[in-house]
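Trainee: Whatever this is, show me its structure:
(3 chains)
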Amino acid sequence: MNTEKKAGRAARRTFRMNPAMTAGIIIVGILALTAILAPVIAPCDPYQYGVPYEKPSADHLLGTNDVGQDIFSELLYGTRVSLLIGVFTSLVVTVIAASTALVAGYYRGWPDKLITAFTNVMMGLPNLALTTLLVAYLNPGKISIIISIALTAWTGTSRILRSRIIQLCEMPFIKIEKSLGVSDGVIMVKHLIPNLRDVILSRAALSVSNAMLTEASLSFLGFGDYGEKSWGNILHYAFYQKGVIRGFTWWYLPPILCIALSVMGFMLIGYYGAQRKEDGTDA
Amino acid sequence: MLKRIIKKSLIAVLTVFAIVTVSFLMVRFMPGDTLIHLVGADRYYELLEDSPKQLEHIAELYGLNDPLWKQYLKYLKSIVTLDFGIAYSNHLPVLDNVLSCARWTLILSVPTFIIGGFLGAVAGVLAGWKPGGAFDRIMTPVMIFVNTVPTYCIGIIFLVVFAFKNGWFPVNGMTNGTSTGIARILDIMWHAALPLCLLVMFRTAGNFLLMKSNVSQVRSEEYVTTAYSKGLTEKKVLFRHVMKNAMVPYVTSLCMQLGSLLSGSMMLEVIFGWKGMGNLFYSAVNSRDYPTAQLCFMISAVCIVAGTLLSDIVISFIDPRVKDAIDEY
Amino acid sequence: MLELKNVSVEFISASSVRAVDGVSMVLRDGSRTAIVGETGSGKSILMLSIMRLLASNAAISGEILLDGEDILKADRKRLQQIRGGIISYVPQGGGASMNPLLKVGFQVGEPLMEHRGVSRREAEKKSIGLLKFFNLGDEERLAKSYPHTFSGGMRQRAMVAMGISAGARIILADEPTKGLDEKRVALVTDTFNRLKDETLLVVTHDMTFAQKVAQDICVMYASQQVEYGTASQIIGDPLHPYTRDMISAMPENGMKYDDRGFAPSHEEDVKGCRYSQRCHECMEKCSEMPPVADVNGHKVRCWKYAV
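Mentor: As a prediction, this is how the structure comes out:
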């Protein structure tokens, strides 16, 4: 227990010293704020038609698109969809990954063999292609997008968690609990999951980043939630409605920056969060 | 050793079987009429009006009125005989369409594999060998950035800067369609330049990060201290002891990349109008041409499985620990 | 002859840490010395600093004289000649001390190729002879095997073979008995006792092993040398309270051991004698750093013997 606390203290110390992670948290914080406040900040209703192809002006900070919708408002509202899908997909991914990993890593034996084999098969599938197929053939909507992305994205996290759980189960404090006859559920919830918290959180942040990226790709290709404003969707119209060819920088560049920045933000948290864990155990 | 290869091959065959089955079940359990999916929505309504007979014929062809297991057997038979049906877009056999696209994808993916594999390894070794040095400090953030930012975002920016604004490179397509002989080859190279550049960039970034972490990990191993203690020169320590070990995971990764040669980058092919496998898959899904999409999907999945198998075999040749672990099996 | 004069090692990072503090030693040709101390006492770092194998943030001060030549001032080329050619280092025989992708025979012969210009084939042949010298058994096959097929004891002995393969005069061995059972320790002890002409410096935490292989013993505690003398002086007539406690904790003395905590860590700033917190005979004076006293050539850092 003492060592656990010590590791925790060391982790918190490095946490404060890590500028990359702070940058990630700031980016994500701004994103979340924008998503919540979108209706308040947005100068126009992004679904309102108007004069098409307007250049940036005081009325339309980033101009208008091919059907005259205000691009700046579109972007603000887009944050909602992109973030929503990213976070919910990550939630689904984490739940699937954690439960498969717990069953496989804790019980071992045939459930482990079965889950590992299944994970290996899933890893053999081309992710983006399968997700695209699923999105295209399922009933359109946010839920199908979330399911389609999550179905292919959980394998990596599951694999990492499984090996961590196997390591943890070799530790004396888990062995003692087991020999005392503490129920499996209690050990998992009280000991395994808290000890895996850092790994789970950093993997979850990476999943958000991946899911946002995939969602943006899908909407860019036109497979996204039709009619919903997301960054990929704005970029889709900018690309296919000649915004890019005509050099309407204000149209195609902001969604690109938003996508790149948010993917970066979550990745910084996930990547350096994982490093923080390593530092913590080393100290 | 042989046992290990046989075991891995068996697993690979089973995986392929699973993939084939998944793609069979997927179309049958998707919401909506299976026939619509198989024919494509537009084509389906077109046929429904013009010649319902032909629709029935197609349904018969796939055995859609039979029980599921019979459909499955029929499906398996068609896979084994490489009969993947007719594409409804241009009435050619699906396989022919796919093969002609595969050629174009290979034009991009083979050079990417070779150049990206080489550049990534060299740069990764340089950065990992002297971590904290000038090269590492400059390259690592750049490579992390390239590796994180979505391909098509940088792709669009490249397109704008190098094709629209400056006109140095063509905006779209693979050839101008008129030249022949050497001129045609040069023309294709000119058209391929931008997407190839981007692909090489992304691949180099991924490989760089992998190699860098391999080298810096191996560098701190005890046997490297042992090697230095023998009085070996830096060069010999690097090539004989560090590189050899760092190459093991790198080669594994290269084998996997070999498996994805045929998949093609969907996003970049779409942006640059490159009619490769990725673009074919995209337009097939877009026009709901399931037979084509399915074949593209299956080919890339099978190739990935083959790549994994290859890496398993190669690793047991280069790493004695893996080789022996199986002998004891 | 290898002479250490007031050698200190400091690791410079956010806060600098002194891992070795003013150690002086003389290794005459053909002599055998053991450095005994607990984990973290700085003994392995001292050994690595003789080889100049420490990370770049380690600052070594003092003098390390190899037949009068200061190793600390040697350039890279000269260092490469010294390492493996004159002084060789035998690392701990853990799983990671040999390159897992190269055959043992090659790794044992590698210093020969490097320093004596011997061909690869010749070196591998010679390494079979070396493995035979240490009685590893079935040497031809072993030379063609990879390190992971070796047990810890075999790896340790192969590593000693590697150390002497190029004819180095001075052998430095780092914790050669770590993690080995009694039978294997006996084999390793035998291995070292087969070395007749070489100068030997062994780092160990095992006083029994030190007694069996060495003539001179240097006891280290919390980065400092607390006692230095011949094995008979140290074992037969230990002066420093720490050495005494250590000897009474040896298995043949009934492993008498009372727990008075651990040595101060590098970050802790202990003003006086570093053993004072655990010492039975701690005096008022011990709040100041004791000088090194010389009792008939037997050096000890303790106020009891200070004149």
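Trainee: so what secondary structure elements neighbour the longest helix seen in chain B?
Mentor: Longest helix in chain B by number of residues (criterion: DSSP state H): helix B:181-219. Packed against helix B:181-219 by the contact rule (3 or more CB pairs under 8 Å, 6 or more residues apart in numbering or on different chains; DSSP states H and E) you find helix B:94-111, helix B:117-129, helix B:134-148, helix B:151-158, helix B:244-259, helix B:266-271. Glycine gets a C-beta too; all of them are placed from N, C-alpha and C.
Trainee: Apply 6 Å and report the result again.
Mentor: Using 3 or more CB pairs under 6 Å, 6 or more residues apart in numbering or on different chains; DSSP states H and E as the contact test, the elements touching helix B:181-219 are helix B:94-111, helix B:117-129, helix B:134-148, helix B:151-158, helix B:244-259.
Trainee: Going by neighbour count, which residues in the longest one are buried?
Mentor: Along helix B:94-111, the positions that meet the burial threshold by neighbour count (16 or more other CB atoms under 10 Å in any protein chain shown) are B:94-95, B:97-98, B:101-102, B:104-109, B:111.
Trainee: Low-confidence regions, chain B specifically.
Mentor: Scanning chain B for pLDDT under 70 picks out B:88-89, B:324-329.
Trainee: now with 50?
Mentor: Scanning chain B for pLDDT under 50 picks out B:326-329.
Trainee: centroid residue for it?
Mentor: Nearest to the mean C-alpha position of chain B, by CA atoms, centre = their mean, lies residue B:260 at 2.4 Å.
Trainee: Just want to check the distance between that one and chain C.
Mentor: Residue B:260 sits 27 Å away from chain C, going by CB to the nearest CB, to the nearest Å.
Trainee: Quick check: phi and psi on that residue?
Mentor: For residue B:260, the backbone dihedrals (degrees, to the nearest 10) come out as phi -100, psi 10.
Trainee: Closest one of the buried residues of helix B:94-111 to residue B:154?
Mentor: Each of those was scored against residue B:154 by CB to CB, and residue B:108 proved nearest at 15.8 Å.
Trainee: show me the contacts for the closest one.
Mentor: The neighbours of residue B:108, taking CB atoms under 6 Å, 6 or more residues apart in numbering or on different chains as the test, are B:195, B:196, B:199.
Trainee: Kindly present those as JSON lines, with separate columns for distance to residue C:104 and neighbour count.
Mentor: Formatted as JSON lines, the contacts of residue B:108 follow (distance: CB to CB, whole Å; neighbours: other CB atoms under 10 Å in any protein chain shown):
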{"residue": "B:195", "distance to residue C:104": "49", "neighbour count": "25"}
{"residue": "B:196", "distance to residue C:104": "46", "neighbour count": "20"}
{"residue": "B:199", "distance to residue C:104": "43", "neighbour count": "24"}
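Trainee: mind putting the helices and strands packed on helix B:181-219 in JSON lines, distance to residue A:128 included?
Mentor: Formatted as JSON lines, the helices and strands packed on helix B:181-219 follow (distance: least, CB to CB, whole Å):
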{"stretch": "helix B:94-111", "distance to residue A:128": "15"}
{"stretch": "helix B:117-129", "distance to residue A:128": "21"}
{"stretch": "helix B:134-148", "distance to residue A:128": "16"}
{"stretch": "helix B:151-158", "distance to residue A:128": "11"}
{"stretch": "helix B:244-259", "distance to residue A:128": "15"}
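Trainee: Which one, of the ones you listed, ends up nearest to residue A:150?
Mentor: With distances scored as CB to CB, the stretch of these nearest to residue A:150 is helix B:134-148 (20.8 Å).
Trainee: Check which helices and strands that closest one is in contact with.
Mentor: Judged by 3+ CB pairs under 6 Å, 6+ apart, helix B:134-148 is in contact with helix A:249-282, helix B:117-129, helix B:181-219.
Trainee: element containing residue C:3?
Mentor: Here residue C:3 sits within strand C:2-11, counting by DSSP states H and E.
Trainee: Give me the distance between stretch A:221-230 and the centre of its chain.
Mentor: In terms of CA atoms, centre = their mean, to the nearest Å, the centre of stretch A:221-230 is set 18 Å apart from its chain centre.
Trainee: Mind pulling the model confidence for the residue in chain C that chain A sits nearest to?
Mentor: In chain C, the residue that lies nearest chain A is residue C:14 (9.9 Å; CB to the nearest CB). On the pLDDT scale, residue C:14 is placed at 70.
Trainee: Count the neighbours of it for me.
Mentor: 6 (other CB atoms under 10 Å in any protein chain shown).
Trainee: What segments of chain A are helices?
Mentor: Using DSSP H, helices in chain A cover A:2-17, A:19-41, A:71-102, A:109-123, A:127-137, A:142-153, A:155-169, A:172-179, A:184-187, A:193-195, A:197-221, A:231-240, A:249-282.
Trainee: Same question for the third one: list its buried residues.
Mentor: What that stands for is helix A:71-102. Of all the residues in helix A:71-102, those buried under the rule 16+ other CB under 10 Å are A:71-94, A:96-98, A:100-102.
Trainee: gap between that helix and the chain center?
Mentor: Relative to its parent chain, helix A:71-102 has a centroid offset of 5 Å by CA atoms, centre = their mean.
Trainee: can you check the last one too?
Mentor: Here helix A:249-282 shows a centroid-to-chain-centroid distance of 10 Å under the convention CA atoms, centre = their mean.
Trainee: Repeat that for stretch B:103-112.
Mentor: Mean-position distance between stretch B:103-112 and its chain equals 10 Å (CA atoms, centre = their mean).
Trainee: hang on, the earlier thing: as TSV, the helices of chain A with distance to chain B would be great.
Mentor: As requested, the helices of chain A are arranged in TSV below (distance: least, CB to the nearest CB, whole Å):
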stretch	distance to chain B
helix A:2-17	17
helix A:19-41	10
helix A:71-102	12
helix A:109-123	5
helix A:127-137	4
helix A:142-153	10
helix A:155-169	13
helix A:172-179	26
helix A:184-187	30
helix A:193-195	24
helix A:197-221	5
helix A:231-240	7
helix A:249-282	4
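Trainee: Residue B:27: which of the ones you listed is closest?
Mentor: Nearest to residue B:27 among those is helix A:127-137; the distance by CB to CB comes to 7.3 Å.
Trainee: Just name whatever secondary elements that closest one is in contact with.
Mentor: helix A:142-153.
Trainee: Helix A:197-221 and the helix it packs on, what's the angle between them?
Mentor: On the basis of axes from the mean of the first three to the mean of the last three CA atoms, to 10 degrees, helix A:142-153 is oriented at 120 degrees to helix A:197-221.
Trainee: how about the helices in the stretch 201-307 of chain C?
Mentor: For the stretch 201-307 of chain C, the helices defined by DSSP state H, counting those that start in this stretch occupy C:207-213, C:231-236, C:241-248.
Trainee: The nearest residue to residue C:197 once chain neighbours are set aside: which element?
Mentor: Leaving out its chain neighbours, the residue that sits closest to residue C:197 by CB to CB, 6 or more residues apart in numbering or on different chains is residue C:30, at 6.2 Å. According to DSSP H and E, residue C:30 maps onto no helix or strand at all.
Trainee: which phi and psi does residue C:30 have?
Mentor: Reported as degrees, to the nearest 10, the phi and psi values for residue C:30 are phi 80, psi 0.
Trainee: What count of nearby residues applies to it?
Mentor: What residue C:30 shows, counting by other CB under 10 Å, is a neighbour count of 14.
Trainee: Next: residue A:111.
Mentor: For residue A:111, the neighbour count with other CB under 10 Å is 14.
Trainee: Equivalent analysis for residue A:109, please.
Mentor: Look at residue A:109: counted by other CB under 10 Å, it has 8 neighbours.
Trainee: now swap in residue C:114 and tell me
Mentor: Other residues close to residue C:114 by other CB under 10 Å number 22.
Trainee: mind listing what it touches?
Mentor: With contact taken as CB under 6 Å, 6+ apart, residue C:114 is in contact with B:231, B:232.
Trainee: ok, now with 8 Å
Mentor: Counting by CB atoms under 8 Å, 6 or more residues apart in numbering or on different chains, residue C:114 touches B:230, B:231, B:232, B:236, C:84, C:85, C:166.
Trainee: Around the residue lying closest to the last one once chain neighbours are set aside, how many other residues sit close by?
Mentor: Yep, that's residue C:166 we're talking about. Once flanking residues are discounted, residue C:166 sits nearest to residue C:111: 3.7 Å by CB to CB, 6+ apart. Neighbour count of residue C:111, defined by other CB under 10 Å: 27.
Trainee: All good on my end, thank you.
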